[in-house]
Every structure is written in structure tokens, then in C-alpha cells.
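**Student:** Below: sequence and its predicted model.
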Amino acid sequence: MKNEINIPNIQFDIITLFPQIFDSVFSQSIILKAQEKGLVKINLINLRDFGEDRHKTVDAKPYGGGSGMVLRVDILLKSLKSVKKISKKSKTILLSPQGKTFNQKTAKKLKSSEQIILICGHYEGVDERIKNFIDDEISIGDYVLTGGEIPAMVLIDTVSRLIGGVVGKKNSIKEETFERSLLKYPQYAKPLEFEGLIVPKVLLSGNHQEIEKWRVTQSLKKTKILRPDLLKA
């Protein structure tokens, strides 16, 4: 059922040199349904549209020399101003490997925004001066990608599924990995036995209290082995 006044809970504005990259990702599955319900709006802004010369140039060689090209601050700011709303709930984020690492806690904070503008860096980076016009700088991990488009997809997917109505069952979100600073417990489905591997008996018992105890214990064990850093937190 659509939002009564058809206003999205969050509008994502993506400033990018490659808007076509997003077509297949956002036209599938849960994110597509969220858009159809009016819970999420995704707006693609082609940075090239703001280039000033006949070649629509958006980058320049870095002062001081060096390899590659840098996205120009004047072009970036022009594109940013074209979509930015006058609202305390509007957030502008630069996606770059230098930003703070994105996690579930950050996603929850962003969920309350009305507008999230995502600037996708590219080439050798962006003119440092654009950071005077943003609210945050975010990375999805300690590695370098060819641009900010994939991090933008990750952020939008993670934040969108926290919005009421996007994911069918609220409890499925509460029980997910990282929600309690723990990895999720092991899960099983049919067949009951597969190549000698059998579903744990407790899951067949019908005793929900014992099942919950088993799940918590398994979450702790898995987290201790795979991500002990989460237990410290």
C-alpha cells in the first residue's frame, strides 16, 4: 500500500558520473518495492550535466603535479546546490576511502534523515575544498574502489531496509547480524538431513525458550570465532 500523501520517507540524491550503473540494482527486489510504495525515492544527478565547456569537463589536473585527474570543487558544488533542500534533516555525504567506516550504527542514524545526498568520488579523488560543504565522509571499508557508486548502493540498501514497511517483518530486522553487536545464529531449512549433516534437534523441539537460548549461545560462539572485536564493543 502506498504512502497516503505519496511522500518518501527518505530521498536519496546520487551525484555521479555514471548514473546508468544504478539502473539494474535499484530496479530489483526490495529496493524496487520500497520505491513503488513511496517509502524511498532515488534521484540520479549526472555530474557531467554541470560541466561548463563544450566537452562538459568536470575534472582537472591536480595543482602541484601528480597522476590522474581531480573532480573540480565548483562543478561539484553546483550539482550539490541543485538538489539540496533547506532542512536540518538533509545530509550530504562524500563517499571516499578516507571517510569513517560505514556500519549498522551509522545506518540507523541516517534513517531519520529526509534527504541524503551522496557524492560519488572518482578518478584520483575530489578537490579537498568540497569538504567544507558536506556533513560527513564515509567509506565502506579499507580498500580502494574505482568510484563511489558501489558504496552508494551499499549505503542506500542498508538504510532503506531499516525504514518501516520496506522489509516485511520487523522482527527479521531485529534479529539480523550486528543488531546486538553479534553475528547472527546459524539457520537451517529443508531437507532435514543432507549428506550426513543433520539439523540441530533443538530447532525441531517446538520449545521456543530453548531455541532462543540456543540461538544466543550460537551467536556468541560465532562472534567469538569470526569477529571477536564485536564482543569487545
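**Tutor:** Perfect, I can see it now.
**Student:** Hmm, residue 230 is touching residue 183, no?
**Tutor:** Yes: using Cβ atoms under 8 Å, residue 230 is in contact with residue 183, at 7.2 Å. Using the backbone N, CA and C atoms, a C-beta is placed for each residue, glycine as well.
**Student:** Find the residues that touch each one of these two.
**Tutor:** Overlap between the neighbourhoods of residue 230 and residue 183 consists of residue 223, taking contacts as Cβ atoms under 8 Å, 6 or more residues apart in numbering.
**Student:** how much space between residue 150 and residue 210?
**Tutor:** Here residue 150 is placed at a distance of 42 Å from residue 210 (Cβ to Cβ, to the nearest Å).
**Student:** Longest strand in this structure, please.
**Tutor:** strand 90-101 (DSSP state E).
**Student:** Relative to it, what are the paired strands and their orientations?
**Tutor:** strand 115-120 (parallel), strand 136-139 (parallel) (DSSP bridges).
**Student:** which residues are in contact with the last one?
**Tutor:** Where contact means Cβ under 8 Å, 6+ apart, the residues beyond strand 136-139 that reach it are 91-102, 106, 131, 151, 155.
**Student:** Pick the most buried one from the strands paired with strand 90-101.
**Tutor:** For these, average neighbour numbers computed from mean count of other Cβ atoms under 10 Å are highest in strand 115-120, which has a mean of 24.
**Student:** Show me how far that strand is from its chain's centre.
**Tutor:** Relative to the chain's own centre, strand 115-120 is displaced by 11 Å; criterion: Cα atoms, centre = their mean, to the nearest Å.
**Student:** ok, now stretch 51-64?
**Tutor:** For stretch 51-64, the gap between its own C-alpha mean and the chain's C-alpha mean amounts to 29 Å (Cα atoms, centre = their mean).
**Student:** Can you give me the domain boundaries for the protein?
**Tutor:** As given by automatic domain parsing, the domain ranges for the chain are 10-160, 175-232.
**Student:** for the record, mean pLDDT for the longest one?
**Tutor:** Pointing back at domain 10-160 there. The predicted model assigns domain 10-160 a mean pLDDT of 94.
**Student:** Report the contact partners of the residue nearest the centre of the chain.
**Tutor:** Within the chain, the residue whose C-alpha comes closest to the C-alpha centroid is residue 155; the distance, by Cα atoms, centre = their mean, is 0.9 Å. Residues in contact with residue 155, defined by Cβ under 8 Å, 6+ apart, are 93, 95, 102, 107, 110, 116, 118, 138, 140.
**Student:** Good, we can wrap up now.
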